[in-house]
Structures are given as structure tokens and as C-alpha cells.
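Engineer: Dropping a prediction and its sequence here:
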Amino acid sequence: MSYCKYNNQSKESEAEGENMLNKMWKKLNELSKEKEALLKKLNEEDNYVHQILKKKLDQLNKEKSEMEARVEQENEYIINRLSKQLNDAISKKEYA
């Protein structure tokens, strides 16, 4: 081979190599941007799920507090009613 042919083939190979390298860099940048977008979307979805779960937990805690208050009122009512019945029974026994 002559030096010119070898030199031309070398330049063509070098140009092909540069072209391939540029394509790979472009693809790498595209993949990097896609990764960034996916991470952002994942973070947004994670925040959304967190907010929904927090709202649900707050609602359940509110319902729990309301139920505890209701149970306490019912217990107080039952204790007062039984106390009155006991006092009435004691009074009847004393007068009997």
C-alpha cells in the first residue's frame, strides 16, 4: 500500500471512530437526561404517595380520638346508670 492510501484509510477510520464516539456521547447524554427525568418523576410520585398516606393517617388518628371519646362517654354513662341502680337497690333494701 502506498502511504497516501494508508493515510486516507487512516483518516477515514479516524473519522468513523470519531463519528461512533460522538454517537455514543449523544446516546449517553440522552440516557442521562432520561435517568434524571425518571428520578424526578419517581420523587414526585413518592411525595404524592407520602401526602396521601399522611392524610389517611391523620384521618385515622382523628377517628381514633373520636372513638376513644365516645367510648369514654359511654363508659361514664354506664357507670352512672349502674351507680344509680345500686343506690336505688340499697335504698329499697334499707326501707324494706
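Structural biologist: Nice, I can see it.
Engineer: what about the helices in the protein?
Structural biologist: Under the criterion DSSP state H, the chain contains helices at 3-95.
Engineer: Residue ranges in it under the pLDDT threshold?
Structural biologist: Within the chain, the stretches with pLDDT under 70 are 1-8, 96.
Engineer: hmm, try it at 90
Structural biologist: 1-17, 92-96 (pLDDT under 90).
Engineer: Now do the buried residues in stretch 59-76.
Structural biologist: For stretch 59-76, a neighbour-count test (16 or more other C-beta atoms under 10 Å) marks nothing as buried. Quick note: C-beta positions are derived from backbone N, CA and C, even for glycine.
Engineer: Using CSV, write down the CA coordinates of it.
Structural biologist: Extracted in CSV, the C-alpha atoms of stretch 59-76 (Å, rounded to 0.1, in the frame of the first residue of the first chain):
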residue,chain,number,x,y,z
GLN,A,59,-57.9,10.9,59.3
LEU,A,60,-57.5,7.6,61.1
ASN,A,61,-55.9,9.4,64.2
LYS,A,62,-58.9,11.8,64.2
GLU,A,63,-61.4,8.9,64.0
LYS,A,64,-59.5,7.0,66.8
SER,A,65,-59.7,10.1,69.1
GLU,A,66,-63.4,10.5,68.4
MET,A,67,-64.0,6.8,69.1
GLU,A,68,-62.0,7.0,72.3
ALA,A,69,-64.0,10.0,73.4
ARG,A,70,-67.3,8.2,72.6
VAL,A,71,-66.2,5.1,74.5
GLU,A,72,-65.3,7.2,77.5
GLN,A,73,-68.7,8.9,77.4
GLU,A,74,-70.5,5.6,77.1
ASN,A,75,-68.5,4.1,80.0
GLU,A,76,-69.3,7.2,82.1
